[in-house]
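> no FASTA, just this:
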């Protein structure tokens, strides 16, 4: 074994995880590459060619890197665990009138658990991924901070990781910008990696049509949810919708309702099969509650702590005051109103660049 130790690197076949594995190999770690098969694209009912992290091409690309650099590579089939947990939750959340966050669930409950289990089997001290984030030890805690590249920072989707996970995790790309990683791939002799396109779709909904996916997954879905009412905030019926799971908070397009001014989805009520429409002002809220709270930087939150809270991945966040109500719940009071708070999505709290923690937005 090398002086730096043995490390299991999650390899999707894309540029980020490939460069991460090469960097660690060149730094002197004994690298073992692993590609996780999470999903069969054919099962989704998609119409496009299979792409992304679960495709045969991506698996082959990851293996090619390992062969050329001389380290072992293996494939881990976790389709059963992934489907039972992540995809079932995805469907259940939409049927409950919420908007799910499958990447957070997958990271927290599937990928890290699978990686650490296999790392133990292979006598690997560490695991690594190609996420743009950083981790350090401070005050007996392992702290996630934002990646150096603001445009690529992925700390938002890592709020669910436990201290036990983080103490064995490395993020080799956290201190670099994406442009630097692309240049590294070229300098390493893997120019084709730098040319590969990136997918921002949900891996099991490759054509990005979650409505078609739900219909394919739940055979009687349309019978169960069709024919409900669009209503105003005061309860006035405006027309019929096509099924409440097919709408999201903040949605404006595709409503097929005309009243002379823009309308937005402000609330989804599965119990009454209604979708509430309102103005842009009706979307503005100043507080929320999160469930499944997980803390990263601190082991508890003192009431009145101020933090920058993000309710969507690609937003700068809004200053807020936090109040922890029990071990799993926390209340957020924003210092100014924010738009389109969607139950089921993640609320993530920051102290500067450091991740305080996060949770799922609870439905009122």
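Right, received. Where do you want to start? Since the model is a prediction, treat every value here as computed from it, not as a measurement.
> and the residue positioned nearest the centre of the chain, what element?
For the chain, the residue nearest the mean C-alpha position is residue 103 (2.9 Å; Cα atoms, centre = their mean). Assessed by DSSP states H and E, residue 103 sits inside helix 102-105.
> same thing with residue 231?
Assigned by DSSP H and E, residue 231 belongs to strand 229-232.
> quick one: strands adjacent to the helix or strand following that strand?
Remark: after strand 229-232, the chain's next helix or strand is strand 237-240, criterion DSSP H and E. Looking at strand 237-240 with DSSP bridges, its partner strands are strand 229-232 (antiparallel).
> quick one: contacts of the partner strand?
237-241, 255, 257, 273-278 (Cβ atoms under 8 Å, 6 or more residues apart in numbering). For every residue, glycine as well, the C-beta is placed using N, CA and C.
> can you map out the helices along the chain?
15-27, 56-69, 79-82, 88-95, 102-105, 112-121, 163-166, 178-187, 191-195, 210-217, 221-225 (DSSP state H).
> pLDDT averaged over the second one - what is it?
In this case it means helix 56-69. Mean pLDDT, helix 56-69: 90.
> give the buried residues for the strand holding residue 231.
229-232 (16 or more other Cβ atoms under 10 Å).
> ok, now stretch 71-89?
71, 73, 76, 78, 81-83, 85-87, 89.
> which neighbouring elements make contact with the helix or strand of the chain with the lowest mean pLDDT?
Lowest mean confidence among the helices and strands of the chain (mean pLDDT, DSSP states H and E): helix 191-195, at a mean of 85. Applying 3 or more Cβ pairs under 8 Å, 6 or more residues apart in numbering; DSSP states H and E, we find helix 191-195 packed against helix 15-27, helix 178-187.
> can I get those in TSV with mean neighbour count?
Below are the helices and strands packed on helix 191-195 laid out as TSV (neighbours: other Cβ atoms under 10 Å):
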stretch	mean neighbour count
helix 15-27	22
helix 178-187	16
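> what ranges do the strands span in the stretch 251-364 of the chain?
Assigned strands in the stretch 251-364 of the chain, in chain order: 264-269, 274-278, 284-295, 305-310, 318-324, 330-339, 346-351, 354-361 (criterion: DSSP state E, counting those that start in this stretch).
> quick check: mean pLDDT of the second one?
Confidence over strand 274-278, taken as the mean pLDDT, stands at 97.
> low-confidence ranges in the chain?
Across the chain, the ranges flagged by pLDDT under 70 are 1-2, 41-54, 199-200.
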